[in-house]
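> Turn this into a structure:
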Amino acid sequence: MSDFILDDHHHDGIDRRGFLKCMAWAGTGVLWTLSSGVLTSKVLGQTTGLGDLPLAGGNALHFVQISDSHIGFHKPANQDVVGTFRESIARINALQHAPDFILHTGDLTHLSEAAEFDTLEQLLKDCRTKQVFYVPGEHDILNDNGAQYRARFGRNTFGAGWHSFDQKGVHFIGLVNVAAIAEGGLGVLGAEQLDWLARDLAPLSAETPIVVYAHIPLWSVYPQWGWGTSDAEKALTLLKRFGSVTVLNGHIHQTLQKIEGNVTFHTACSTAFPQPAPGAAPKPGPMVVEAPRLRSTLGLTEVTFLEHDKPLAVVDHTLAEK
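Okay, the predicted model is just below:
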């Protein structure tokens, strides 16, 4: 597709005009570095990862994003989503640098059933990283407008589950854009949440690194499929004054990246099943691939912040990596 940017072999990084489709199908990732306010990037091979980075002891912040586990899904695209989620947990446990916490960017379950939530909680007991922060996907609020999700995973949050917290000088904001859906399937933040966001950001210095995470992308990946958020621009306007903003999303089950000014957008793979690339099929939905190829389309995202004048690294790992 012409919308996707390919590697520019005339320089070390990747052309930053528009957005990059990470080659998740081949099991690669992208290493992002931030130096003097300029983001550069390099495609990584399967054996390259954050273990190659000199982590700065207690000053480093290291976390993992997982997304779209869809516990309860039993269709040809993946008949064993519990198994692939368990593999993802094993990958996290095997990381060279233990994460400080995990972000789950929604669609924990497929049908919001109590048994599905039970299974997810049981699986996470095997993870050595015990602190997990969640935002809901639309599949987590199907039965009761999200009441069960909030009771289990949204304690001490606001509204439909939005919240914020601080870790090692970085401010994290979990937004909910699935409680209401706009025409065409686009996500919606809504006035109440945007007012809360403005108040949350008001006391922060412009030098504070910000990480925002929500289920549906906060940029227009492919509006024809509902892959975007109708009022995201209002949130991005509030974030414009900050020098470093990273936005992490799920929903589309594939790794895409985009840079706009000081904002880096990143969507994660699912741990359950892939979806087609934007516009590559009549509609979105679970995509069946050959069994040997499935694990190269699934995975997790590893993120490290070093001291604030040192690199920010975002690396995608697929379940096919050795």
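
> Please make it C-alpha for all contacts and neighbour counts, starting now.
Fine.

> So Asp68, which state does it fall into?
Secondary structure, DSSP: H, G, I helix; E, B strand; the rest coil: Asp68 is coil.

> okay, now it: neighbour count?
The tally of other residues near Asp68 (other CA atoms under 10 Å) stands at 29.

> Touching, it and Ser88? I think so.
No. Using CA atoms under 8 Å, Asp68 makes no contact with Ser88, being 11.8 Å away.

> which residues do the two both contact?
Among the neighbours of Asp68, those also in contact with Ser88 (CA atoms under 8 Å, 6 or more residues apart in numbering) are Thr271.

> Run through the neighbouring helices and strands of the helix ranked longest in the chain.
Counting residues, the longest helix found in the chain (DSSP state H) is helix 81-94. Packing partners of helix 81-94 (3 or more CA pairs under 8 Å, 6 or more residues apart in numbering; DSSP states H and E): helix 114-124.

> Name the residues that touch the helix it packs on?
Outside helix 114-124, the residues touching it (CA under 8 Å, 6+ apart) are 71-72, 85-86, 89, 108-110, 130, 148.

> and the angle for it with helix 81-94?
Helix 114-124 runs at 30 degrees relative to helix 81-94, counting by axes from the mean of the first three to the mean of the last three CA atoms, to 10 degrees.

> Show the average pLDDT along helix 114-124.
The pLDDT scores in helix 114-124 average 98.

> Now do the following helix or strand past that helix: distance to the chain's middle.
Per DSSP states H and E, the first helix or strand lying C-terminal to helix 114-124 is strand 132-134. How far strand 132-134 lies from its chain's middle: 12 Å, per CA atoms, centre = their mean, to the nearest Å.

> Using CSV, list the CA coordinates for whichever helix or strand comes after strand 132-134.
The helix or strand immediately downstream of strand 132-134 is helix 147-153, counting by DSSP H and E. The C-alpha atoms that make up helix 147-153 are tabulated as CSV, following Å, rounded to 0.1, in the frame of the first residue of the first chain:
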residue,chain,number,x,y,z
ALA,A,147,-19.4,-3.1,35.4
GLN,A,148,-17.7,-6.4,35.7
TYR,A,149,-14.5,-5.2,34.0
ARG,A,150,-14.3,-2.1,36.3
ALA,A,151,-15.0,-4.3,39.5
ARG,A,152,-12.1,-6.5,38.6
PHE,A,153,-9.6,-4.3,36.8
